[in-house]
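Engineer: Return a 3D structure for these sequence lines:
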Amino acid sequence: MLSQEKEVSEEVLPQKGEHLLSHQISAWTQDPGSGNQPNGGQLIQLNAPKLSSKPLPTTIHGQAPSAKVYPPGTAGFRYWNTASALRRGSDYWGKLLPGITWQMGKTLPIDLDFGVDLNAYYDRVGLKFFHATVAGRTVFSCESPDVVCHEQGHAVLDAIKPQLWDAASIEAGAFHESFGDISSILCALQLQSLRIAVLGETDGNLYRSSRLSRLAEQLGWAIRQDFPTAVDADCLRNAVNSFFYRDPNTIPSSGPANTLTSEPHSFSRVFTGAFFEGLAGMFKLRTDQDEENLLQVSLDMGKILVTAIRNAAVVPAFFSQIAVNMIQAANLQFASINYGQALRSAFVRHGILSPATTTITAITEPRSMADGNENDATELPKMNLSVKEYDLGVDEIVVHAAIATSRFEVAGAALSMGSLDMPSHEDTAKSFVEDLLRRGRLKIDSITNKKNRGMAITRPNAPDTHETYTHELREENGSVILRRIRIDCGFTC
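Structural biologist: As a prediction, the model looks like this:
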């Protein structure tokens, strides 16, 4: 278990006039922006990180500049700012996941500036960050530790639960986005200065909108200049929200930020909101609400979450499976603190679990890896899906379906009373494919070019310099299969 006596990131808080040694660098604490403004972030000094160190080593393409304090807006600052966030994320998750490795190999490669876009993404090759000029200001997505730790979170989750990569499930994709935001929050809490600041800002009541809950303020500002309703009014997304669970197969594929849609970033806010409320509830249970206890809660929450992800079955109602496994992990690992009750309260209040879930009783026993536990498989089972009505050039495709054996018989709350009926894996997969088409995220060129058919759905705001499709249809072994290309976190309209 991580010690609460040692910071994951070697933070240096210099006094006025203090000499800064050459091995120290400067970085943003969490984001360059503040609220609805593109600037106002807090700078800190850190010891220069070593990216190649274990656990979870990373590497930034290009020659590393000398380690020293650079002013914001310079290439040297961007390098070391990104490096410090990456090292903080690797240390946090790596110590909770001993022995884990990246999907692409030993080291995770990073591109600091892959092109012009308000974007960042993970593609099982590495992390790509971008820049764009908006209202006379050039915004680099890699300058936000929120964005960096979010994208790194995708790579971490892919290492923990590779089944989710190709899962034909809106909810599985949305959990990937929620985990990215959770990674930003938990990694930020490894900084003592941030913990002190957020406790002062919220008067010790963590479940308030704050610099911790507001994610990627500067990137949110940049998107808002051209598309005012596309993101929150003071950030990209806020973890303090009141979104209530809905079956993602029954809500629109797009809409303004104040509505819930099936788009992964939008739908992710349901789980992120419940997570953050649960985190605040856990903190309130500590003997003292000080920064040391806040650090400990962040470590405890990470341990609970990792255990739940590993044990959760990938089924259509995936949020509820993660939730119930988190409650069980908390009850087993932290019974004396009653974290489980704080988590259950949060998940019920956001509709991820029904109030009817009064007890957590497993309907099957967990199986070990030696017994062939399906939760440890790298891919979900395949199934054939009819798509002839979509004019894709083929009548049937192969998808990886959310078919697993649930240990817990739970589901989200119905809007009236009781629990929702879990949709079938067939309906879940069909809804996922149609959602990709509605949002213009399915690449079908390789099939339509060969068959000279097909109806491509395009997005007028998609960049011309690089692809932002998230999925494509590929021919493999005589079949056409749906495969994920990347997890794209750019502007989605």
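Engineer: Surely Phe276 is in a helix?
Structural biologist: Yes: judged by DSSP: H, G, I helix; E, B strand; the rest coil, Phe276 forms part of a helix.
Engineer: Next up, the contacts around it.
Structural biologist: By C-beta atoms under 8 Å, 6 or more residues apart in numbering, the contact list for Phe276 reads Ile185, Tyr207, Ser213, Ala239, Val240. Bear in mind the C-beta positions are built from the backbone N, C-alpha and C, glycine included.
Engineer: Pick out the residue nearest the middle of the chain.
Structural biologist: In the chain, the centroid-proximal residue (C-alpha atoms, centre = their mean) is Gly180; its distance is 1.7 Å.
Engineer: quick one: secondary structure of that residue?
Structural biologist: Of the three states, Gly180 takes helix under three-state DSSP.
Engineer: next one: Gln218
Structural biologist: Classification of Gln218 by three-state DSSP places it in helix.
Engineer: Quick one: residues contacting the nearest residue to it once chain neighbours are set aside.
Structural biologist: Excluding the flanking residues, the one nearest Gln218 by C-beta to C-beta, 6 or more residues apart in numbering is Gly33, at 3.3 Å. Applying C-beta under 8 Å, 6+ apart, one finds that Gly33 lies in contact with Asn39, Gly40, Gly41, Ser144, Ala216, Glu217, Gln218, Leu219, Gly220, Trp221, Cys235.
Engineer: For Gly33, list each beta-bridge partner.
Structural biologist: Gly40 (DSSP bridges).
Engineer: got the residue ranges for the helices in the stretch 301-450 of the chain?
Structural biologist: 318-333, 339-349, 425-438, 445-451 (DSSP state H, counting those that start in this stretch).
Engineer: what about the helices in the stretch 151-300 of the chain?
Structural biologist: Applying DSSP H, counting those that start in this stretch to the stretch 151-300 of the chain gives helices spanning 170-188, 192-202, 217-226, 264-284, 291-311.
Engineer: just checking, what packs against the second one?
Structural biologist: By that I understand helix 192-202. helix 291-311 (3 or more C-beta pairs under 8 Å, 6 or more residues apart in numbering; DSSP states H and E).
Engineer: Stretch 78-90 - what's its average pLDDT?
Structural biologist: The average pLDDT within stretch 78-90 is 98.
Engineer: which parts of that stretch are buried?
Structural biologist: By 16 or more other C-beta atoms under 10 Å, the buried positions in stretch 78-90 come out as 78-90.
Engineer: what's the span of stretch 93-109, first residue to last?
Structural biologist: Distance across stretch 93-109, first residue to last, is 17 Å (C-alpha to C-alpha, to the nearest Å).
Engineer: contacting residues around that stretch?
Structural biologist: Residues from elsewhere that reach stretch 93-109 (C-beta under 8 Å, 6+ apart): 2, 8, 52, 54-61, 124-127, 152, 155-156, 158-160, 162, 165, 183, 299, 302-303, 306.
Engineer: if I look at Asp111, how far off is Ile170?
Structural biologist: Distance of Asp111 to Ile170, computed by C-beta to C-beta, to the nearest Å: 28 Å.
Engineer: now do Ile352
Structural biologist: Ile352 is 15 Å from Ile170, by C-beta to C-beta.
Engineer: right, and the residue nearest to the centre of the chain touches Val147 too?
Structural biologist: No: judged on C-beta atoms under 8 Å, Gly180 makes no contact with Val147 at a distance of 9.1 Å.
Engineer: Now do the shared contacts for those two.
Structural biologist: With contacts defined as C-beta under 8 Å, 6+ apart, the residues shared by Gly180 and Val147 are Cys489.
Engineer: low pLDDT regions in the stretch 151-300 of the chain?
Structural biologist: Filtered on pLDDT under 70, the stretch 151-300 of the chain yields no residues whatsoever.
Engineer: thinking again about what came up before, just put the helices of the stretch 301-450 of the chain in a markdown table and tack on mean pLDDT, mean neighbour count and distance to Leu295.
Structural biologist: Output for those, formatted as a markdown table (pLDDT from 0 to 100; neighbours: other C-beta atoms under 10 Å; distance: least, C-beta to C-beta, whole Å):
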| stretch | mean pLDDT | mean neighbour count | distance to Leu295 |
| --- | --- | --- | --- |
| helix 318-333 | 96 | 24 | 17 |
| helix 339-349 | 97 | 22 | 15 |
| helix 425-438 | 96 | 20 | 38 |
| helix 445-451 | 60 | 14 | 49 |
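Engineer: okay, Asp111 and Ile170: which has more neighbours?
Structural biologist: Each of Asp111 and Ile170 has its neighbours counted (other C-beta atoms under 10 Å); Ile170 has more, 26 against 17.
Engineer: excluding its backbone neighbours, what's nearest that one?
Structural biologist: Nearest non-adjacent residue to Ile170 (C-beta to C-beta, 6+ apart): Pro248, at 4.2 Å.
Engineer: what about the one you found, distance to Ser169?
Structural biologist: Here the distance between Pro248 and Ser169 works out to 9 Å (C-beta to C-beta).
Engineer: Show me where the stretch 1-150 of the chain has its helices.
Structural biologist: Secondary structure of the stretch 1-150 of the chain, counting by DSSP H, counting those that start in this stretch: helices at 75-96, 145-160.
Engineer: Of those helices, which is nearest Ala257?
Structural biologist: Ranking the helices of the stretch 1-150 of the chain by proximity to Ala257 (C-beta to C-beta) places helix 145-160 first, at 16.7 Å.
Engineer: Having no further points to raise, I will conclude here.
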